[in-house]
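A.B. asks: All I have is the shape, not the residue letters:
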């Protein structure tokens with residue numbers, strides 16, 4: 001049985017459902033029309049709807065360890081199915097890859113993973129390992145490497161996204177935009193990558209500048 005906290009949350013949601021019945025009935029009858037595919041880490045501290053203030057129906061969400069999107073053709077079809085559905089059937093206009101600080105998946109890149117005991121984790125994190133390798137080759141001080149690797153991994157996963165034909169074609173046609181974000185657990189801030197300048201900055205400031 002779920003915890004009492006979860007059960008209490010269900011009761012609160014049912015009360016909210018009654019108060020906002022029009023919204024939920026519309027979503028049920030008219031279907032979903034999200035504009036954003038939000039790819040986040042599975043970490044319980046990173047809740048896409050919470051940190052963005054989104055309502056039901058606003059985000060199409062995929063959550064994976066270390067916000068990894070395996071490249072096309074790797075055989076990891078679950079995330080690929082989400083990407084294809086979001087682009088081809090929902091026609092989302094934005095895809096966000098959102099990493100976060102204190103990411104256990106990124107930290108695990110520094111550990112020895114036992115292929116016999118946790119083969120899925122080990123193989124999954126191979127899709128993030130090039131980010132760690134790049135940061136280490138850049139001569140970044142050890143105390144700064146975690147955040148640097150989190151950021152580099154976000155950029156790596158954006159490139160993995162572009163290995164999917166629907167994403168690449170939609171981006172070239174101007175129908176979709178890709179975004180790299182990092183959520184800071186320590187203070188709740190979100191930074192975004194600006195591909196024009198190659199700089200990470202506050203997401204709100206970058207949005208206002210456009």
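C.D. replies: Ah, there it is. Bear in mind that the values here come from a model prediction, so they are computed numbers and not experimental data. Numbers count the residues shown, from 1 in each chain.
A.B. asks: Could you list the low-confidence segments of the chain?
C.D. replies: 1, 206-210 (pLDDT under 70).
A.B. asks: Show me this protein divided up by domain.
C.D. replies: Taking automatic domain parsing as the reference, the chain has its domains at 1-31, 34-209.
A.B. asks: which of these sits most buried?
C.D. replies: Stretch with highest mean neighbour count among the domains of the chain: domain 34-209 (a mean of 17; mean count of other C-beta atoms under 10 Å). Backbone N, C-alpha and C define where each C-beta goes, glycine included.
A.B. asks: Next, the contact list for residue 128, please.
C.D. replies: By C-beta atoms under 8 Å, 6 or more residues apart in numbering, the contact list for residue 128 reads 66, 68, 105-106, 109, 153, 156-157.
A.B. asks: what do you get for residue 148?
C.D. replies: 135, 138, 140.
A.B. asks: try 6 Å
C.D. replies: Contacts for residue 148 were tallied using C-beta atoms under 6 Å, 6 or more residues apart in numbering; they are 135, 140.
A.B. asks: And residue 103, by the same measure?
C.D. replies: Residues near residue 103 by C-beta under 6 Å, 6+ apart: 66, 150.
A.B. asks: Any figure for the gap between it and residue 33?
C.D. replies: Remark: distance between residue 103 and residue 33 (C-beta to C-beta, to the nearest Å) = 31 Å.
A.B. asks: and residue 200, what helix or strand is that in?
C.D. replies: Assigned by DSSP states H and E, residue 200 belongs to strand 199-202.
A.B. asks: And the helices in this protein?
C.D. replies: Using DSSP state H, the helices of the chain run over 4-19, 21-30, 48-52, 77-84, 104-108, 119-125, 129-137, 145-161, 165-172, 203-209.
A.B. asks: so can I have a markdown table of the ones you listed showing distance to residue 41?
C.D. replies: Shown next, in a markdown table, are the helices of the chain (distance: least, C-beta to C-beta, whole Å):
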| stretch | distance to residue 41 |
| --- | --- |
| helix 4-19 | 21 |
| helix 21-30 | 26 |
| helix 48-52 | 10 |
| helix 77-84 | 13 |
| helix 104-108 | 7 |
| helix 119-125 | 12 |
| helix 129-137 | 14 |
| helix 145-161 | 10 |
| helix 165-172 | 20 |
| helix 203-209 | 17 |
